[in-house]
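Enquirer: how does the following fold in three dimensions:
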Amino acid sequence: MPEKTRIHIPTGNLDNEIRALPVPQFRVPQELKWSRRTALPNATPAGVDLSAERSRQLNDFVAAHTSAPEYHVALLKREDVDSHSLSLAGSGTLIQVEQHVAILSASHVFAEKGLEGDRFGGAVYAMFSNRQSRDNRGRSMPTDALFLSGGFGPLPNREPSVEGLPDLAVFVLNDPAMVEKYKPRAFPFDEPHCCVDADDLLQGTWLITGARGELSGPGRVYNEVDRAGFVDRVYERKGMSFLSTFVDPVGESRKHRRNWGGTSGGGCWNQRSTAVGFDKLRHHAPLEREDLGMLRLAGVPFFHSAEAPQGRPDSLNRFEGELICHHLTPQVVQGIRAGVLAQADDAYRHFAAGAAAPTLD
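Expert: Here you go, the predicted model:
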């Protein structure tokens with residue numbers, strides 16, 4: 001295999017993983033490339049002024065009807081070989097690249113949970129949440145265990161190197177039956193469905209999908225779609241772009257001040273409305289699910305900083321933390337797609353050679 005398409009696979013050494021070497025708080029203004037506060041006065045597209053109550057209703061509606069959670073995968077780990085108890089490892093998004101299906105996540109989620117060689121060592125599972133059986137608190141039980149094989153795609157902009165970055169990984173499903181089964185549920189991973197830039201960041205509703213570690217436990221996984229509200233800032237470091245949203249507002253209730261553990265590797269989504277839906281907003285008419293238009297996977301959460309954002313916050317509220325996501329720029333999308341395509345043949349050959357699928361028994 002040519003060197004430029006080789007897949008780097010971690011072997012359990014965490015020296016270059018984000019949790020072993022947390023990214024320092026981004027410097028301002030050197031690495032701040034965009035902020036909502038400065039972009040709003042210069043925005044050219046005509047918007048719709050919504051009251052606080054109408055804005056809350058819109059966000060609640062989008063969160064309830066968006067298809068983003070349908071692509072979410074919870075990553076679970078068996079505590080030991082003899083244990084039947086599964087604990088939350090992190091989150092991921094099922095994606096489709098041409099005829100292949102893969103899970104996109106943060107590399108530290110996989111590396112910390114026992115990845116060896118080109119597959120898991122029988123103790124880590126990727127499972128869908130069954131949205132249809134979800135109760136009103138968002139809890140979901142696992143439905144299928146997926147046998148994974150894969151590694152990192154040859155992501156661009158890796159030189160000069162940055163400790164712990166990029167914190168992204170893709171793993172290819174190599175069981176043909178599983179590929180056919182889940183292909184209809186996989187998000188079409190390409191530039192039109194991913195990339196959002198410049199003042200496009202002001203459009204639509206922003207959502208985070210992930211498995212909430214604080215409420216997950218043996219026998220259950222608490223998956224949720226969290227209203228990010230909007231992107232507050234875009235940082236750029238060593239050629240890589242990062243989306244930021246402020247979290248943990250001072251003085252708010254516990255539900256707004258939480259540990260984001262388990263969300264790593266999930267999705268940062270941008271949900272647009274149709275022209276009809278936008279017109280309904282303008283005229284204060286009720287929305288229907290058909291009024292939701294373009295959905296984009298714009299980022300992958302990987303780091304929760306418990307430090308207050310540096311510089312002036314882009315809102316009247318004060319915040320004690322910041323959730324940072326890898327921005328799925330065109331270059332990163334191309335790199336991930338190349339990684340899936342380069343890895344796929346080896347993944348299928350590995351399955352054909354008789355590698356056993358893990359079971360929950």
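Enquirer: contact partners for the spatially closest residue to Glu307 that is not a sequence neighbour?
Expert: The shortest distance from Glu307 to any non-neighbouring residue, by C-beta to C-beta, 6 or more residues apart in numbering, is to Gln25 (5.4 Å). Bear in mind the C-beta positions are built from the backbone N, C-alpha and C, glycine included. Listed by C-beta atoms under 8 Å, 6 or more residues apart in numbering, the contact set of Gln25 reads Ser305, Glu307, Pro309, Gln310, Glu322.
Enquirer: now, of those, which are buried?
Expert: Ser305, Pro309, Glu322 (16 or more other C-beta atoms under 10 Å).
Enquirer: switch the residues you listed over to CSV; also include pLDDT, secondary structure and distance to Arg237.
Expert: Output for the buried ones among the contacts of Gln25, formatted as CSV (pLDDT from 0 to 100; DSSP: H, G, I helix; E, B strand; the rest coil; distance: C-beta to C-beta, whole Å):
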residue, pLDDT, secondary structure, distance to Arg237
Ser305, 82, strand, 14
Pro309, 82, coil, 15
Glu322, 87, strand, 14
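Enquirer: now the stretch 101-250 of the chain, which segments are flagged as low pLDDT?
Expert: Along the stretch 101-250 of the chain, segments meeting pLDDT under 70 span 111-124, 129-164, 218-219, 228.
Enquirer: can you map out the strands along the stretch 1-150 of the chain?
Expert: Taking DSSP state E, counting those that start in this stretch to define them, one finds strands in the stretch 1-150 of the chain at 32-35, 72-78, 86-97, 100-105, 115-116, 119-120, 124-128, 139-140, 148-151.
Enquirer: and those strands: which comes nearest Ala298?
Expert: With C-beta to C-beta as the measure, strand 86-97 is the member of those nearest Ala298 (11.4 Å).
Enquirer: still on that earlier bit, what separation is there between the residue nearest to Glu307 and Gly321?
Expert: Here Gln25 is placed at a distance of 11 Å from Gly321 (C-beta to C-beta, to the nearest Å).
Enquirer: picking that back up, ok, so of the contacts of Gln25, who is nearest Ser67?
Expert: Ser67 lies nearest to Glu322 out of the contacts of Gln25, by C-beta to C-beta, at 27.2 Å.
Enquirer: how close does that closest one sit to Val196?
Expert: Computed with C-beta to C-beta, the distance linking Glu322 and Val196 is 19 Å.
Enquirer: same deal with Glu320?
Expert: 27 Å.
Enquirer: the more surrounded of the two?
Expert: Between Glu320 and Val196, counted using other C-beta atoms under 10 Å, the more crowded position is Val196 (24 against 17).
Enquirer: that one in helix, strand or coil?
Expert: Classification of Val196 using DSSP: H, G, I helix; E, B strand; the rest coil returns coil.
Enquirer: what's the closest residue in space to Glu98 that isn't next to it in sequence sitting at in phi/psi?
Expert: Counting by C-beta to C-beta, 6+ apart, the nearest residue to Glu98 once its immediate chain neighbours are dropped is Leu341, at 6.9 Å. When read as degrees, to the nearest 10, the backbone of Leu341 gives phi -70, psi -40.
Enquirer: return the residues in contact with Leu341.
Expert: Leu341 is in contact with Val97, Glu98, His100, counting by C-beta under 8 Å, 6+ apart.
Enquirer: from the residues you listed, which has minimum pLDDT?
Expert: Ranked by pLDDT, the contacts of Leu341 bottom out at His100, which scores 92.
Enquirer: wait, it sits on Val172?
Expert: Yes: His100 is within contact range of Val172, at 6.0 Å (criterion: C-beta atoms under 8 Å).
Enquirer: ok, these two, which is more surrounded?
Expert: Applying other C-beta under 10 Å to His100 and Val172 shows that Val172 carries more neighbours, namely 28 against 23.
Enquirer: now do stretch 324-341: distance to the chain's middle.
Expert: Centroid displacement of stretch 324-341 relative to its chain, using C-alpha atoms, centre = their mean, to the nearest Å, is 12 Å.
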